[in-house]
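Asker: sequence first, then the predicted structure:
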Amino acid sequence: MKKIMTKLLIASCFLMTNIAQIANAETHTDGRLLKAAFIYNFAKFTRWPENTWKQQNAPLNLCTIGKDELINELKRLTGKTIKDHPVITQSLQNKQIPDNCHLLYIASSEKNHYKNILESVHNKPILTISEQPHFARSGGMIEFFRKKDQTRFIINLGITRNTGLTVSSRLLNLALVINHKEAQ
């Protein structure tokens, strides 16, 4: 019995050490993984206008523009399914946003250009997301921000509704909601 207890104690110490090492290794990427999960859920809890997809299983296109650390995590969403639509990620090389984008993540490298990008998709049913400060107040739909070491987000409900998108009340309950109808 004593040998079994010793082996169990050694095994549990080994397990706890490995879990701590894994947790420490993941701490660096936790913020990006969390934001990618948020973006996936933004899509799950958003309804696009009825005529958005011509086919039942047409892809949901997550477009990205610019460069930052979150872009690589977003690529992992490729192949997931949301409401019968397989997710496809598309990295845009120029500032031209195709009409088949459903979500548009604007990376931090676009801090000097994001307002022009927002103007180019104005009134289109493209869910725009960024970490840029003042993004939601500048005509973007969802803005990530940090508060008390937590990732939070702002939803600009006025802009979102103007494009024909409907955001679930479940998502709105988690957000700081503003209602700017036009870009400021």
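Answerer: Good, I have the coordinates.
Asker: tell me the centre residue of the protein?
Answerer: residue 39 (2.1 Å; Cα atoms, centre = their mean).
Asker: my hunch is that it is in a helix, does that hold up?
Answerer: Yes - with DSSP: H, G, I helix; E, B strand; the rest coil as the criterion, residue 39 is part of a helix.
Asker: wait, what's in contact with it?
Answerer: For residue 39, the contacting residues are 62, 74, 77, 103, 105, 129, by Cβ atoms under 8 Å, 6 or more residues apart in numbering. All C-beta atoms are positioned from the backbone trio N, CA, C, and that covers glycine.
Asker: reformat the residues you listed as TSV; add pLDDT, secondary structure and neighbour count.
Answerer: Formatted as TSV, the contacts of residue 39 follow (pLDDT from 0 to 100; DSSP: H, G, I helix; E, B strand; the rest coil; neighbours: other Cβ atoms under 10 Å):
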residue	pLDDT	secondary structure	neighbour count
62	97	strand	26
74	96	helix	23
77	96	coil	19
103	97	strand	26
105	98	strand	26
129	98	strand	27
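Asker: out of these, which is nearest to residue 156?
Answerer: residue 129 (11.0 Å; Cβ to Cβ).
Asker: and stretch 103-113, how far out from the chain middle?
Answerer: Once both centres are worked out by Cα atoms, centre = their mean, to the nearest Å, stretch 103-113 turns out to sit 13 Å from its chain's centre.
Asker: swap in stretch 127-134?
Answerer: Distance, centroid of stretch 127-134 to centroid of chain: 10 Å (Cα atoms, centre = their mean).
Asker: ok, residue 139 touching residue 158?
Answerer: No - judged on Cβ atoms under 8 Å, residue 139 makes no contact with residue 158 at a distance of 9.8 Å.
Asker: ok, the two, which is more surrounded?
Answerer: Between residue 139 and residue 158, counted using other Cβ atoms under 10 Å, the more crowded position is residue 139 (23 against 16).
Asker: quickly note the distance from the more buried one to residue 115.
Answerer: Distance, residue 139 to residue 115, using Cβ to Cβ, to the nearest Å: 7 Å.
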